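Student: A predicted structure for the sequence below; I have some questions about it.
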Amino acid sequence: MGVKERKAREKAALRAKIIETANALFLERGYEGTSIRQIAQAIEYSPATIYLYFKDKEDLFQEILDAAFASLQAALENARIIADPLSRLQELCRRYLDFSRKQSNYYDLIFANPASTAKEGEQTYAGRIHQYFIKTIQDCKREGYFLSKSADALATVIWSFIHGQAMLRMDQRLDHLAKIERERLEEESLQTFFAMLRSF
């Protein structure tokens, strides 16, 4: 391996280490509770080293958020193979809730952190999720579902419902119930919600 290739590999490894360490600190302490200096101390480098790779803390945080959101997107994209749009919509909701359950820290960073805003000229993460639901509801309307409601309004209603479910769990508002009961209640609530939607 030549000197140039070795240096490139070392730079890539250090960049990955910065991201991994920052990721752990953001998850543990949140955006406001984490500083570049703390990240630098954790990797045993000077803060100046981090600025060689990232413009500022926001730039580093954005990198982590983009990776987390890509994971959610991948889960939602996999539902697109379902031909029936109503079944696809329900599966989107299940996958969204599944992500919020299994990746609760990332969900919190993406949707419940005021620092997770879009760069100028870009659509927010929330806006991109909203579009997933609008597109699927538009497909449902072409099949004769939800003809009395606008796609964007109904998408907002659905997203509000599943985000509310996710936050109830994450904020431990249902911890007075046993885990198996919480899971049953979440699934039954989703089925009840969709039974109501079919009446539109």
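Tutor: Happy to help now that I have it.

Student: so how far is Thr136 from Leu152?
Tutor: Actually, residue 152 is Asp rather than Leu. Distance of Asp152 to Thr136, computed by C-beta to C-beta, to the nearest Å: 12 Å. Where you see a C-beta, it was placed from the backbone N, CA and C, and this is true even at glycine.

Student: Run through the residues that contact Ser71.
Tutor: Phe99, Gln103, Tyr106 (C-beta atoms under 8 Å, 6 or more residues apart in numbering).

Student: Return the subset of the residues you listed lying in helices.
Tutor: Applying DSSP state H to these, the entries found in helices are Phe99, Tyr106.

Student: With neighbour count added, can I get the contacts of Ser71 in JSON lines?
Tutor: Formatted as JSON lines, the contacts of Ser71 follow (neighbours: other C-beta atoms under 10 Å):
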{"residue": "Phe99", "neighbour count": "21"}
{"residue": "Gln103", "neighbour count": "16"}
{"residue": "Tyr106", "neighbour count": "21"}
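
Student: what's the first-to-last distance across stretch 76-84?
Tutor: 15 Å (C-alpha to C-alpha, to the nearest Å).

Student: Now do the buried residues in the helix or strand of the chain with the lowest mean pLDDT.
Tutor: Within the chain, confidence by mean pLDDT, DSSP states H and E is lowest for helix 104-111 among all helices and strands, at a mean of 84. Within helix 104-111, the residues scored as buried using 16 or more other C-beta atoms under 10 Å are Tyr106, Tyr107, Asp108, Leu109, Ile110, Phe111.

Student: for stretch 153-163, same thing?
Tutor: Going by 16+ other C-beta under 10 Å, stretch 153-163 has these buried residues: Leu154, Ala155, Val157, Ile158, Trp159, Phe161, Ile162, His163.

Student: Then stretch 41-50?
Tutor: Buried residues in stretch 41-50, counting neighbours by 16+ other C-beta under 10 Å, are found at Ala42, Tyr45, Ile50.

Student: What residue spans form the domains of the chain?
Tutor: What automatic domain parsing lists as the domains of the chain is 1-54, 66-197.

Student: Make JSON lines out of those domains and add distance to Leu60.
Tutor: Shown next, in JSON lines, are these (distance: least, C-beta to C-beta, whole Å):
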{"stretch": "domain 1-54", "distance to Leu60": "4"}
{"stretch": "domain 66-197", "distance to Leu60": "11"}
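
Student: Quickly, which of those bottoms out on average pLDDT?
Tutor: When the domains of the chain are compared by mean pLDDT, domain 66-197 comes last with a mean of 87.

Student: from the chain's centre, how far out does that domain sit?
Tutor: 10 Å (C-alpha atoms, centre = their mean, to the nearest Å).
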